[in-house]
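1. Pasting a predicted model and its sequence here:
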Amino acid sequence: QVQLVESGGGLVQPGGSLRLSCAATGFIVEHYPVGWFRQGPGQTRVGIACLSMYDNTANYPDAVKGRFTISRDNAKNTVNLEMNNLKPEDAGVYYCARDVRRMTCSLLPDTYDDWGQGTQVIVSA
């Protein structure tokens with residue numbers, strides 16, 4: 001059974017850092033494009049980072065480029081998101097997801113098939 005479980009969210013001050021982790025079971029993360037998404041209160045889900053299979057090409061929206069880094073830990077079968085210099089607008093529920101249909105990742109939520117339950121990130125002084 002495919003399952004994605006996020007962890008690592010919490011309360012952080014502006015300028016701080018968090019590391020989110022997504023533990024996958026039922027599949028090998030190295031074999032699929034994976035992504036991280038954020039949904040703020042009353043907002044639609046948006047792509048924050050994604051990682052393609054094979055060449056591990058990463059994509060980020062301009063709002064997080066240079067601050068966020070997505071990576072895989074193949075030994076632990078996890079997908080991680082390192083977030084630095086956090087801003088209040090980074091707050092929301094963060095979800096990881098798997099795309100089973102493509103090799104190149106996308107930041108569009110509709111291209112993903114399997115989702116975790118989310119972990120909350122609060123950025124506040």
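-> Great, that's in hand.

2. which residues touch N80?
-> Contacts here follow CB atoms under 8 Å, 6 or more residues apart in numbering; on that basis N80 touches 19-22, 70-73. Every C-beta, even on glycine, is put in place using the N, C-alpha and C of the backbone.

3. Mind putting the residues you listed into a markdown table with pLDDT, secondary structure and distance to Q120?
-> Compiled in a markdown table, the contacts of N80 are given as follows (pLDDT from 0 to 100; DSSP: H, G, I helix; E, B strand; the rest coil; distance: CB to CB, whole Å):
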| residue | pLDDT | secondary structure | distance to Q120 |
| --- | --- | --- | --- |
| R19 | 98 | strand | 15 |
| L20 | 98 | strand | 11 |
| S21 | 98 | strand | 14 |
| C22 | 98 | strand | 14 |
| I70 | 97 | strand | 19 |
| S71 | 96 | strand | 21 |
| R72 | 95 | strand | 23 |
| D73 | 95 | strand | 22 |
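
4. Most neighbours of all these, which one?
-> C22 (27 neighbours; other CB atoms under 10 Å).

5. Report the contact partners of that one.
-> 4-7, 34, 36, 78-81, 96, 116.

6. And the strands in this protein, which stretches?
-> Using DSSP state E, the strands of the chain run over residues 3-7, 10-12, 18-25, 34-39, 46-51, 58-59, 68-73, 78-83, 92-98, 114-115, 119-123.

7. For Y54, give me the pLDDT.
-> Y54 is assigned a predicted lDDT (pLDDT) of 77.

8. Would you enumerate the residues in contact with it?
-> The neighbourhood of Y54, defined by CB under 8 Å, 6+ apart, consists of M103.

9. again with E89
-> Neighbouring residues of E89 by CB under 8 Å, 6+ apart: 63, 123.

10. now swap in W36 and tell me
-> W36 makes contact with 20, 22, 47-50, 70, 79, 81, 94-97, according to CB under 8 Å, 6+ apart.

11. Tell me the bridge partners for C50.
-> Bridge pairing for C50 (DSSP bridges) gives the partners G35, N59.

12. Ignore what I typed, I meant Y95.
-> Under the criterion DSSP bridges, Y95 forms beta bridges with F37.
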